[in-house]
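1. Have a look at this prediction, sequence included:
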Amino acid sequence: MHGTVRSPNFENLAGSTDRSLSADDGRAMHDFVSELYPICRSITGEGVRKTLNLILEHIPLTICEVPSGLQVFDWTVPLEWNIRDAYIKNSAGERIVDFRASNLHVVGYSVPVHARMGLSELREHLFSNPEQPDWIPYRTSYYKPTWGFCLPHHQLLALPEDEYEVYIDSSLRPGHLTYGELLLRGRSSDEVLISCHVCHPSLCNDNLSGIAVATALAERLGSMDLRYSYRFLFIPGTIGSITWAAIRRAHLGKIKHGFVLTCVGDAGSPTYKASRGGNAEIDRAWTYVLKQSGEAFDIQPFSPFGYDERQYCSPGLDLPVGCFMRTPHGQFPEYHTSADDLDLVCASSLNDSLTKALTTIDVIEHNRSYLNQKPFCEPKLGDYGLYSMVGGQSAGDYQMALLWLLNMSDGENSLLDIAARCNLPWETIKEALRALSEAGLLKPVDKPS
Amino acid sequence: MHGTVRSPNFENLAGSTDRSLSADDGRAMHDFVSELYPICRSITGEGVRKTLNLILEHIPLTICEVPSGLQVFDWTVPLEWNIRDAYIKNSAGERIVDFRASNLHVVGYSVPVHARMGLSELREHLFSNPEQPDWIPYRTSYYKPTWGFCLPHHQLLALPEDEYEVYIDSSLRPGHLTYGELLLRGRSSDEVLISCHVCHPSLCNDNLSGIAVATALAERLGSMDLRYSYRFLFIPGTIGSITWAAIRRAHLGKIKHGFVLTCVGDAGSPTYKASRGGNAEIDRAWTYVLKQSGEAFDIQPFSPFGYDERQYCSPGLDLPVGCFMRTPHGQFPEYHTSADDLDLVCASSLNDSLTKALTTIDVIEHNRSYLNQKPFCEPKLGDYGLYSMVGGQSAGDYQMALLWLLNMSDGENSLLDIAARCNLPWETIKEALRALSEAGLLKPVDKPS
Amino acid sequence: MHGTVRSPNFENLAGSTDRSLSADDGRAMHDFVSELYPICRSITGEGVRKTLNLILEHIPLTICEVPSGLQVFDWTVPLEWNIRDAYIKNSAGERIVDFRASNLHVVGYSVPVHARMGLSELREHLFSNPEQPDWIPYRTSYYKPTWGFCLPHHQLLALPEDEYEVYIDSSLRPGHLTYGELLLRGRSSDEVLISCHVCHPSLCNDNLSGIAVATALAERLGSMDLRYSYRFLFIPGTIGSITWAAIRRAHLGKIKHGFVLTCVGDAGSPTYKASRGGNAEIDRAWTYVLKQSGEAFDIQPFSPFGYDERQYCSPGLDLPVGCFMRTPHGQFPEYHTSADDLDLVCASSLNDSLTKALTTIDVIEHNRSYLNQKPFCEPKLGDYGLYSMVGGQSAGDYQMALLWLLNMSDGENSLLDIAARCNLPWETIKEALRALSEAGLLKPVDKPS
């Protein structure tokens, strides 16, 4: 009978990446960010398509097109926006604000305009940030038809009285909302949702870092034998997740864990924002992984502001989905400005974010409850080759992991519960689990998938 | 169907008092304290009646008389005590201790006496406080028939050998225990109990401040359309609340919330002592209000010592009744001495105590659970005129309150739960609630009373 | 009817020891440690028998012999080990390592050897601790047949090349595992388990201190009328508790509370390690007692490493058994070395450990739930002679204990719950309980055993 029990799968996601993850991976992710950087993305349009096509070069994404006008919960899929050129010229015919220099110069979803006007009329359409006077701020107006330009506050203040020519060669027409979806099938049809947004123009940390890490994560998981199925979403923020959730509503019950990836490339320490429930398995896994790292980290409670976890954690969906970041949005000065550029994200942070996401997934993959098969007093570990100490010495991490696993494996505590309680490294826990399983001392409560 | 749902009552108790509460209110309360100050109160007698009659000039109190000898739970309503004059004269016939100078000079409930005696016999009947040698202490002997005088310790030490005449013109006869009760009827017969004691002689903070704030609170609530009914008690401490509870025992189930008001006029910061359960709605409301004030405050756990919350929180009654104070009894040196006088209470503290009590009542009045009517992802707030931000900016308190209310209104969380969790001002919560209710996005779980 | 209710037993275990416990008791325990010190104990053999026979001079222990080879859960009772002499001689015939000087010199359970060898071969059998180079470390090899000597690291380093004679006159033969057990029968057959190990050779704090305090505790309890039955175990560590639990398995359900005593003689402050559940009555009792002492203390969560609580708290047994220590094992440098000698343990610490154990037992003995017989408002304490204050004064500990007991005795809270919540001394709680019980104001929820 013993031989019929399937051994737990000890493939080591994070460990295998210790081998393969290196500075090269960080540089490759940074290169991908650089490749995506110039594209003018918005919540719809060619920028999103170009972005998804570049991701498609790495992972076998399905690109989905949802028509404008479709009702998705309380929202409607908007018109598709595209832009070719835009500028403000002075009376000398010089492009003083030029979309070709930075796509942040145009307010996202600006309607087309071609007109001449004086400074005072123009200023009603100009946006700057006095607190960061050298940087172009990022502005959009998705649902109120208008047009506008963004520029550094210093430049705004220096604009002379003049007759200006404003030109925005954009179009806002029925079309599609585009998003990318990838399902990696595991042994179970239960899913882990990993979501990032693809709707920001030339902004690196708040957008592209999440895309790069999610793409690398999908590449990595794609070659593994997985317990869970993994669903990756590359979607425009808010309207994209709402659209996806509306289309997939009947399917959402399959999602057992999930997290949003955003702002994962800056030099700050890791931050995990918990799901609405606050104590989901994914919340405890991230907390354990960040705590085990021995480095600074922050765990934030859920709040209904932020990224697409707002939608996944709405009361009608209430999915166990958190959000992994480094410095949270709004807490770094470059946020939503032209200074969120290629210098703000660094290869080592991208690499560290990927590693921590892989480790957390490894925890979720292997987390289950075991039953101590010799629960009356301790088993005689020496008889199983598991007692390496000369009597009288103190126990190391591995020996402690053996004892903790045996003591807590009463069916009530999962591996993660035990790991978090004894605060031992995940690799040590898994090594001890493997040894105890091979010795027949621990068996899973349920048949592993 | 939509039109049949009654809108929540957005009348703003605290807000309306922002308009009307002012330094004048504090001064009016201090004036009332001054008016009540000279009266010699005890747990029975003319002093209580005079006090209640002065309160009656402000609010339509019912004055109740309970006869001596009535059994009330484990107690008996005592004989009625009255006093007209008292003194100690020296052999020169000088009143060296004179009730007319301070009613604290006589131990409360002293039996009548007229005798001559030497210093050593007299001293057995004299009480002073060596730690506060300049002040007259406050002493009573309700249940052990005796007589005594209180005087400053310095004076006691300086008393020469002499033949003294002691005289207390008091009476202790079958009569009544007197208390005042006021019921303000709200839409519901469920009640909020607000209780203060009226049994202390010339003591301002410990007694009169509570009477003044409770009276002003009743005046204020009297002109409002209220959800709950409010029962105000102006009662002698201990025996008064016991008597009332014994008489009203069948009625006590109606009391859903309550608090005792005492020591609410000194310059100290606010203190709330929680009810026996420690997590009643009234406890959480006071905690939220004090926390939101942004000023220093203290939340104390329940203990079975203090004021009439001792009785309301006895195990057989176990009412959700806390106690609001500024500096707690026994923690200011003037407590139970002649220094608890008109200088110890200040108009601004009385005013602040009234404001905080009104805000807490406003929380209780409006606290109920709502259901998000568009629970799948966020509703498109812009379509309801509720999205004021240009995309890309961070959210202010009002916008956050909208999001928190929508996210948490799953029927499990009340307004107070949400307000405490997001730590936003009550007025902002109510403003957001009103907007969401008017937009049809939130509806009460139960029909509002 | 009143007379038929049996009064709680107010015999005061700790209080009575206040009277009798004194410096003399500490000295007597230290003397007992000194008497036990020279004996060479191991997990089996004559050393354990001698030790138990010395304990038998104090308390009526039953000495149990379990034959080698008996299967006990996952373990087998080992061969019995005895040793008469052992040495390492240099080529000059001098005993440079001599068992007669310290029994720590021989690795416990060393097989017999008589051989000559050079330094390099010898060194494979020598153990020292470079971190404590002057002390002999303590080593055993119960389950892997080998032989070895322990010596100070300085001595090891100084050993010259030479031909050495090694001699260990030991025997390892079928025999018995020996342990001592004492049951003090109380009014109830429910038991409190008190366990200490008897398997260490000349080590004072880690072994003998626990034996001395457990013996004194049993002596003390033996003369008392007890609610619980008390089961004392003097057993070899690990294999002893496993053997006992296997033999007594059907009986283990009787054990309602328990603790291991070890390392209770050093000068460090008290430490209590909680049981596996972490919130057992015994855990809360020890926590309360240590907190009430007003001295430094430490409460540690359960971990599956340590002494025999490892076995009692294995998942299949899961007994509510903690561990009382002063400085925990491994946290004092002398641990498991020749420096854990008679100087490390002091009479005052032994005395303090005994006192705290007695107080904790007193808490457990008297802990039950009472019902306030006058639960509606406060009873009129003066009528029962329980109100000593002149009105207007603040309450002392005793008066507060009366009020807390009355308020919390609703059947939900035990004495220990109340004592811990109000943080008053146990003697005061008991004094107030006695007064309230005699007044008929409190009655036990269940008939006391």
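-> Cool, the structure landed. Numbering: from 1, shown residues only, chains lettered A, B, ... in the order given.

2. For chain B, what is the nearest residue in the stretch 201-350 of chain A?
-> When scored by Cβ to the nearest Cβ, the stretch 201-350 of chain A has residue A:316 as its residue closest to chain B, at 3.1 Å. Where C-beta positions appear, they are placed from N, C-alpha and C, glycine not excepted.

3. The spatially closest residue to that residue that is not a sequence neighbour in helix, strand or coil?
-> The shortest distance from residue A:316 to any non-neighbouring residue, by Cβ to Cβ, 6 or more residues apart in numbering or on different chains, is to residue B:375 (3.1 Å). Look at residue B:375: counting by DSSP: H, G, I helix; E, B strand; the rest coil, its state is coil.

4. what does residue A:35 give?
-> If you use three-state DSSP, then residue A:35 falls in the helix class.

5. Touching, the residue of the stretch 201-350 of chain A closest to chain B and residue B:376? I think so.
-> Yes: using Cβ atoms under 8 Å, residue A:316 is in contact with residue B:376, at 3.9 Å.

6. Those two - which one has more neighbours?
-> Using other Cβ atoms under 10 Å in any protein chain shown, the more surrounded residue of residue A:316 and residue B:376 is residue B:376, with 19 against 14.

7. Residue A:314 is in contact with the more buried one, correct?
-> Yes: taking Cβ under 8 Å as the definition, residue B:376 is a contact partner of residue A:314 at 6.3 Å.

8. which residues touch residue A:53?
-> By Cβ atoms under 8 Å, 6 or more residues apart in numbering or on different chains, the contact set of residue A:53 is residue A:63.

9. what comes up buried for the helix or strand where it lies?
-> Using DSSP states H and E, residue A:53 falls within helix A:46-56. Across helix A:46-56, burial judged by 16 or more other Cβ atoms under 10 Å in any protein chain shown covers A:46, A:47, A:48, A:49, A:51, A:52, A:55, A:56.

10. Which one of these is nearest to residue C:301?
-> Distance ranking of the buried residues of helix A:46-56 against residue C:301, using Cβ to Cβ, places residue A:55 first at 46.8 Å.

11. Tell me if I am right that residue A:287 is in a strand.
-> No: counting by three-state DSSP, residue A:287 is not part of a strand but helix.

12. That one: what's its closest spatial neighbour, skipping adjacent residues?
-> In space, residue A:287 is closest to residue A:299, 5.5 Å off (Cβ to Cβ, 6+ apart).

13. Hmm, that neighbour is touching residue A:289, no?
-> No: counting by Cβ under 8 Å, residue A:299 stays clear of residue A:289, with 11.0 Å between them.

14. beta partners for residue A:176?
-> Beta-bridge pairing of residue A:176 under DSSP bridges involves residue A:67.

15. show me what contacts it?
-> Here residue A:176 is in contact with A:44, A:65, A:66, A:67, A:68, A:77, A:80 (Cβ under 8 Å, 6+ apart).

16. between those residues, which is closest to residue A:330?
-> Scanning the contacts of residue A:176 for proximity to residue A:330, where the rule is Cβ to Cβ, the winner is residue A:44, at 24.9 Å.

17. In contact with that closest one, which residues are there?
-> A:68, A:78, A:79, A:80, A:81, A:175, A:176, A:177, A:178, A:236.

18. what does residue A:321 give?
-> Taking Cβ under 8 Å, 6+ apart as the test, what residue A:321 contacts is A:193, A:195, A:255, A:257, A:258, A:259, A:260, A:275, A:282, A:309, A:312, A:313.

19. swap in residue A:420?
-> Taking Cβ under 8 Å, 6+ apart as the test, what residue A:420 contacts is A:284, A:287, A:288, A:291.

20. Now a ChimeraX select for only the buried ones of those residues.
-> This is the ChimeraX syntax for the buried subset of the contacts of residue A:420, where burial follows 16+ other Cβ under 10 Å:
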select /A:284,287,288
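
21. helix or strand for the nearest residue to residue A:85 once chain neighbours are set aside, which one?
-> Distances taken as Cβ to Cβ, 6+ apart place residue A:169 nearest to residue A:85, at 4.5 Å, with adjacent residues excluded. Using DSSP H and E, residue A:169 maps to strand A:163-173.

22. ok, the residue nearest to residue A:106 when sequence neighbours are not counted - how many residues close by?
-> With Cβ to Cβ, 6+ apart as the criterion, residue A:106 has its nearest non-adjacent residue at 4.7 Å, and that residue is residue A:86. Residue A:86 has 25 neighbours, counted by other Cβ under 10 Å.

23. what ranges do the strands span in the stretch 251-400 of chain A?
-> In the stretch 251-400 of chain A, the segments counted as strands under DSSP state E, counting those that start in this stretch are A:255-261, A:271-273, A:298-300, A:321-325, A:369-372.

24. my guess is residue A:26 meets residue A:351, correct?
-> Yes: Residue A:26 lies in contact with residue A:351 (Cβ under 8 Å); the separation is 3.3 Å.

25. wait, what's in contact with the residue of the stretch 201-350 of chain A found nearest chain C?
-> Among all residues of the stretch 201-350 of chain A, residue A:291 sits closest to chain C, at 16.2 Å; criterion: Cβ to the nearest Cβ. For residue A:291, the contact set (Cβ under 8 Å, 6+ apart) comprises A:297, A:420, A:423.

26. from chain A, which residue is nearest to chain C?
-> Taking Cβ to the nearest Cβ, chain A has residue A:375 as its residue nearest chain C, at 3.1 Å.

27. Spell out the residue ranges of the helices in chain A.
-> A:13-20, A:23-36, A:46-56, A:119-123, A:153-158, A:210-222, A:239-247, A:281-292, A:309-312, A:347-366, A:397-408, A:415-422, A:426-438 (DSSP state H).

28. Out of the ones you listed, which gets nearest to residue C:183?
-> Closest to residue C:183 of the helices of chain A is helix A:397-408 (Cβ to Cβ; 28.1 Å).

29. partners of the closest residue to residue A:183 other than its chain neighbours in the sheet?
-> The spatially closest residue to residue A:183, leaving aside those adjacent along the chain, is residue A:231, at 5.2 Å (Cβ to Cβ, 6+ apart). Beta-bridge partners recorded for residue A:231 (DSSP bridges): residue A:183, residue A:193.

30. and residue A:231, how many neighbours does it have?
-> Neighbours around residue A:231, by other Cβ under 10 Å: 22.

31. Now do the contacts for it.
-> Applying Cβ under 8 Å, 6+ apart, we find residue A:231 in contact with A:181, A:182, A:183, A:184, A:191, A:192, A:193, A:194, A:255.
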